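A.B. asks: no sequence on this one, just coordinates:
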């Protein structure tokens, strides 16, 4: 594989010396063959014509040599690229539409990925994020069920003092993070419903 | 009867390797050497074929020689450098690499097996004859 790549790289990077080398070799072949034909009694110019003819069409021949070392792939790529650029230049409206479509879709994808990355992929910026949990109170009364994810201060105190396995039950959902205690219960005011007259 | 026979598809690479293994050669020289050697009676000709007189030169198509050389060089089986030919002309000489030597050995072996197998098929006689 390595020799393959090396063998391909040389004519690719040094393309024009490689081409000159190939033409030199063909000329040397034609000359040597013509020499032999002349030695067997043929006229010089006729001998050279004949030697060239036996190699076949020069273009086809050179193309085959390029193919042998893998240059045809590169040439094909170049032709395709040129053709693409020409087409894009000719059809301005199409080009604009294509660029716009690509731009918008790439932008949208970037936004979606950024959100997914921040929300789902990246760990939360706390020590031991895998140990974070959400405390939910399940309430049932007269056939009604409700889930409450905002807990009162008493609940937090009870969790802190009574439940095993918790380290720092800290409340930070929906509220300002301040617990207010009044009469029988402690609760966290939701910022929008917080007022001085709260019981 | 024609004077030369056409090369079988896929055998040119093997013949080039062999020709070059006998000593560094330029493209035209490889052509001549193959044609010349194919006319010679092989040293171990005393096989089951009594008539060996029909040996004819292999005709190497000139147009496919150089692409084959370039392919072999790209595969690292032969290597080349510029030198001077016997006629004092600039010419590119090819020689066998170590990798090429191994390839020649294994491909020759395969060719012998193949040709033997074909020969024994072709030598079959009708049953009961």
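C.D. replies: It's in. This one's a predicted model, so the numbers in the text were calculated from it and none came from an experiment. Numbering: from 1, shown residues only, chains lettered A, B, ... in the order given.
A.B. asks: where does the closest residue to residue B:74 other than its chain neighbours fall, secondary structure wise?
C.D. replies: Counting by Cβ to Cβ, 6 or more residues apart in numbering or on different chains, residue B:74 lies nearest to residue A:7, which is 4.0 Å off, once chain neighbours are set aside. Every residue, glycine included, has its C-beta placed from N, CA and C. Secondary structure assignment for residue A:7, by DSSP states H and E: helix A:2-13.
A.B. asks: same for that helix, what does it pack against?
C.D. replies: If you count contacts as 3 or more Cβ pairs under 8 Å, 6 or more residues apart in numbering or on different chains; DSSP states H and E, helix A:2-13 packs onto helix A:58-69, helix A:71-90, helix B:62-74.
A.B. asks: so which of those is nearest residue A:50?
C.D. replies: Closest to residue A:50 of the helices and strands packed on helix A:2-13 is helix B:62-74 (Cβ to Cβ; 11.0 Å).
A.B. asks: on that earlier part again, select, out of the helices and strands packed on helix A:2-13, the one closest to residue B:108.
C.D. replies: Here helix B:62-74 is closest among those (Cβ to Cβ), at 15.0 Å.
A.B. asks: go through stretch A:54-64 and flag the buried ones.
C.D. replies: A:55, A:61-62, A:64 (16 or more other Cβ atoms under 10 Å in any protein chain shown).
A.B. asks: JSON lines for those residues, including distance to chain B and pLDDT?
C.D. replies: Converted to JSON lines, those look like this (distance: Cβ to the nearest Cβ, whole Å; pLDDT from 0 to 100):
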{"residue": "A:55", "distance to chain B": "5", "pLDDT": "80"}
{"residue": "A:61", "distance to chain B": "6", "pLDDT": "80"}
{"residue": "A:62", "distance to chain B": "9", "pLDDT": "84"}
{"residue": "A:64", "distance to chain B": "4", "pLDDT": "84"}
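A.B. asks: nearest to residue B:97, out of the residues you listed: which one, please.
C.D. replies: Nearest to residue B:97 among the buried residues of stretch A:54-64, counting by Cβ to Cβ, is residue A:64 at 22.7 Å.
A.B. asks: wait, that closest one touches residue B:65, no?
C.D. replies: No. At 10.4 Å, residue A:64 does not count as touching residue B:65 under the criterion of Cβ atoms under 8 Å.
A.B. asks: before we move on, back to that, dump the residue contacts of the residue nearest to residue B:74.
C.D. replies: Residues near residue A:7 by Cβ atoms under 8 Å, 6 or more residues apart in numbering or on different chains: A:69-70, B:73-76.
A.B. asks: could you do residue A:58 as well?
C.D. replies: A:26, A:52.
A.B. asks: tell me how far it lies from chain B.
C.D. replies: 10 Å (Cβ to the nearest Cβ, to the nearest Å).
A.B. asks: let me know the pLDDT of that residue.
C.D. replies: Residue A:58 is assigned a predicted lDDT (pLDDT) of 77.
A.B. asks: would you say residue A:165 is within a strand?
C.D. replies: No. Counting by DSSP: H, G, I helix; E, B strand; the rest coil, residue A:165 is located in no strand; its state is coil.
A.B. asks: buried residues in the helix or strand following the helix holding residue A:7?
C.D. replies: Where DSSP H and E defines the elements, the next helix or strand beyond helix A:2-13 is helix A:15-39. Using 16+ other Cβ under 10 Å as the test for burial, helix A:15-39 gives A:18, A:22, A:25-26, A:28-35, A:37-38.
A.B. asks: of these, closest to residue B:122?
C.D. replies: Distance to residue B:122, by Cβ to Cβ, is smallest for residue A:33 among the buried residues of helix A:15-39, at 35.9 Å.
A.B. asks: which SSE is the residue nearest to that closest one when sequence neighbours are not counted in?
C.D. replies: Excluding the flanking residues, the one nearest residue A:33 by Cβ to Cβ, 6+ apart is residue A:51, at 4.0 Å. Applying DSSP H and E as the criterion places residue A:51 in helix A:44-55.
A.B. asks: and that helix, how far from the chain's centre?
C.D. replies: 56 Å (Cα atoms, centre = their mean, to the nearest Å).
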